[in-house]
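Enquirer: Below are the sequence and a predicted model for it; my questions follow.
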Amino acid sequence: MSDSFPCGLMVTDITSRRVRYANIYLYKLIGRQPSDDPIEVLEQIFTKASLIFTDSYLYPMLLSEGKCDERLLTIMHVNGDRIPVVVNLEVKGENQAAWCIMPAVERNTLYQELLTAREVLETQLERQRQMFAVIGHELRTPVASLNMLLGQTPESGCTEQDKTQLRQISEHCLRVLDDLRFVVDPNQAKTIDIKAQPVSEVVRSVVHSLYPLLAEYKQHCDVRVDGLHWRVKHNSKAVRQIVTNLIKNAVLHSGATQIGVEGFCEVKENLAEITVCVSDDGCGVDSELQDKLWEAFSRGETDSDGTGLGLYISSELAKQIGGTLDYKEAVEGGSRFTLSFDAEVCDDVVPAPVETQTDLSVILNKRILLAEDNETIRLITEKILTAAGALVTSACDGKSALQCYVEDRQKFDLIFTDIMMPEMNGYELTTALRLDGCKLPILGITAATIGEEQKRLLEAGADHVLSKPISLKALYDVLPME
């Protein structure tokens, strides 16, 4: 009868470890034949580690408690495979143990999957902790500075220097949020900006824009990019950001006095192999930290402020344009970062880029319903739209905006909505408008640039989602010309 059970059964002597009985199912588990290769001792069944665990833990518990339930051991198949099993033991008679042995392959697989899932969750939680630490560190100082500037007495007025500082501080905050947005979803940054121009123009433009920073840190940047004079089609926006990040990284964190930017180009038929190197004579990167160079929030041993995202973003952007970004020690003793990518050589004459249209017809005389709960943002947005010739009706939440629309469905040409609002949020407002049959363009204007908020609003029925602060250029890019 015991041979028909779907589990391994055996009886052993506790002291000698000899096997007195084993059923057919156990023989099949380990690939043996009762007649040709009988099981005589536990060494023929279990791995050495399982035998040590049995002697040091299972048997003492068995002799103390009379039984031992659900312990995980490993048996050996004759072909060398290791099979995880769950065993239950119970004392039977004098010096004998009855074993029930069940395969635990699926259980073990699920356990390993749980361990892997836990590691992934712990990694994600650590990244979230790092992200919020960056937010707290990088935004607290500029926001505090804004508060101090705005808290000046009315008699002191707002000087041009104050306005410049306010603008710089706000731009810094927006850059930090953009970096965090990239980390959350790098695909959001896949804005293709293919231009036909020499890469040397992009590099020189970047260096020129960083002259004030170089001067502040008393550093010199030697630019040698004549080798990049070929006019090629490339994602200039991505290249610009990568080079900017690399130079700023050298300025802020290397302790260098000399920074070098070199460019090389090898043309094969109509394909150019582009190489841009940024090097410095600074402290370099410790060998123990080099493996973490490309990780988000990795800031090494620097004392300078920063999000620790520059190299991570640069590496991801390099991948997006089909290139690579590598690091090695510079000849000067510092760091040397090398960006490499391929670009198509241009033989045709590309017309000069058309300047951004200043025609206000996309907004002029348009009747706009604006839903925005933040009073300051609402007033500023009204001012921008009104100055462009629009007629704006404002609502402080989604519920009020829906009431305005329902009262006169022919009153508006466009609808702008925030996402996070009381009473009725932007998702609910957009859904309600579409269910009511509203065919007007609905534009989301939101500060929620990190996460799935924009995607959710589009799925609710919005036509476009723009990030705060609103700009007329962004409106011109998405609104149809009449």
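Expert: Cool, got the structure. Numbers count the residues shown, from 1 in each chain.

Enquirer: any idea where the helices of the chain begin and end?
Expert: For the chain, the helices defined by DSSP state H cover 24-30, 48-53, 59-65, 105-150, 160-184, 199-209, 211-216, 236-253, 310-320, 375-387, 398-407, 426-435, 453-460, 472-478.

Enquirer: got the ones you listed as JSON lines, with distance to residue 230 and mean neighbour count columns?
Expert: In this view, the C-beta of every residue, glycine as well, is placed from N, C-alpha and C. Listed next are the helices of the chain as JSON lines, based on distance: least, C-beta to C-beta, whole Å; neighbours: other C-beta atoms under 10 Å:
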{"stretch": "helix 24-30", "distance to residue 230": "68", "mean neighbour count": "18"}
{"stretch": "helix 48-53", "distance to residue 230": "63", "mean neighbour count": "15"}
{"stretch": "helix 59-65", "distance to residue 230": "77", "mean neighbour count": "13"}
{"stretch": "helix 105-150", "distance to residue 230": "39", "mean neighbour count": "12"}
{"stretch": "helix 160-184", "distance to residue 230": "29", "mean neighbour count": "15"}
{"stretch": "helix 199-209", "distance to residue 230": "8", "mean neighbour count": "18"}
{"stretch": "helix 211-216", "distance to residue 230": "26", "mean neighbour count": "11"}
{"stretch": "helix 236-253", "distance to residue 230": "14", "mean neighbour count": "22"}
{"stretch": "helix 310-320", "distance to residue 230": "20", "mean neighbour count": "21"}
{"stretch": "helix 375-387", "distance to residue 230": "41", "mean neighbour count": "15"}
{"stretch": "helix 398-407", "distance to residue 230": "53", "mean neighbour count": "18"}
{"stretch": "helix 426-435", "distance to residue 230": "47", "mean neighbour count": "21"}
{"stretch": "helix 453-460", "distance to residue 230": "38", "mean neighbour count": "18"}
{"stretch": "helix 472-478", "distance to residue 230": "30", "mean neighbour count": "15"}
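
Enquirer: which stretch among these comes nearest residue 15?
Expert: For residue 15, the closest of the helices of the chain is helix 59-65, at 9.0 Å, according to C-beta to C-beta.

Enquirer: shaky segments in the stretch 151-300 of the chain?
Expert: 151-159, 161-193, 296-300 (pLDDT under 70).

Enquirer: if we go to 50?
Expert: Within the stretch 151-300 of the chain, the segments meeting pLDDT under 50 span 153.

Enquirer: circling back: could you export the helices of the chain as TSV, including distance to residue 343?
Expert: TSV is the format used below for these (distance: least, C-beta to C-beta, whole Å):
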stretch	distance to residue 343
helix 24-30	61
helix 48-53	57
helix 59-65	70
helix 105-150	33
helix 160-184	23
helix 199-209	8
helix 211-216	27
helix 236-253	9
helix 310-320	13
helix 375-387	38
helix 398-407	47
helix 426-435	40
helix 453-460	31
helix 472-478	25
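
Enquirer: which one of these lies closest to residue 93?
Expert: Residue 93 lies closest, by C-beta to C-beta, to one member of these: helix 59-65, at 13.0 Å.

Enquirer: avg pLDDT for stretch 315-327?
Expert: Stretch 315-327 shows a mean pLDDT of 91.

Enquirer: From one end of that stretch to the other, what's the distance?
Expert: 11 Å (C-alpha to C-alpha, to the nearest Å).

Enquirer: Now do the domain split for this protein, please.
Expert: Domain assignment for the chain, taken from automatic domain parsing, gives 2-103, 126-184, 192-345, 360-478.

Enquirer: I'd guessed residue 260 sits against residue 280; true?
Expert: Yes - in this structure, residue 260 is within contact of residue 280 by C-beta atoms under 8 Å, at 7.2 Å.

Enquirer: export the domains of the chain to CSV and tack on distance to residue 117?
Expert: Converted to CSV, the domains of the chain look like this (distance: least, C-beta to C-beta, whole Å):
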stretch, distance to residue 117
domain 2-103, 19
domain 126-184, 15
domain 192-345, 21
domain 360-478, 21
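
Enquirer: So the residue lying farthest from the centre of the chain versus residue 102, what's the distance?
Expert: Seen from the C-alpha centroid of the chain, the residue lying at the greatest distance (C-alpha atoms, centre = their mean) is residue 94, 63.1 Å away. According to C-beta to C-beta, to the nearest Å, residue 94 and residue 102 sit 27 Å apart.

Enquirer: swap in residue 52?
Expert: Noted for residue 52: a distance of 21 Å to residue 102, by C-beta to C-beta.

Enquirer: sorry, back to before: which pLDDT value goes with the residue farthest from the centre of the chain?
Expert: Looking at residue 94, the pLDDT reads 83.

Enquirer: right, so of the helices of the chain, which gets closest to residue 284?
Expert: Of all the helices of the chain, helix 236-253 sits nearest to residue 284, with 10.8 Å by C-beta to C-beta.

Enquirer: export the closest one as CSV, just CAs?
Expert: Output in CSV follows, covering the C-alpha atoms of helix 236-253 (Å, rounded to 0.1, in the frame of the first residue of the first chain):
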residue,chain,number,x,y,z
SER,A,236,21.7,67.9,-30.9
LYS,A,237,19.6,68.2,-27.8
ALA,A,238,20.9,65.0,-26.3
VAL,A,239,24.5,65.7,-27.3
ARG,A,240,24.2,69.2,-25.8
GLN,A,241,23.0,67.9,-22.5
ILE,A,242,25.6,65.1,-22.3
VAL,A,243,28.5,67.5,-23.0
THR,A,244,27.0,70.1,-20.6
ASN,A,245,26.7,67.5,-17.8
LEU,A,246,30.3,66.2,-18.3
ILE,A,247,31.8,69.7,-18.2
LYS,A,248,29.7,70.8,-15.2
ASN,A,249,30.7,67.6,-13.5
ALA,A,250,34.4,68.4,-14.0
VAL,A,251,33.9,72.0,-12.9
LEU,A,252,32.0,71.2,-9.7
HIS,A,253,33.4,67.9,-8.5
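
Enquirer: Understood, closing this out.
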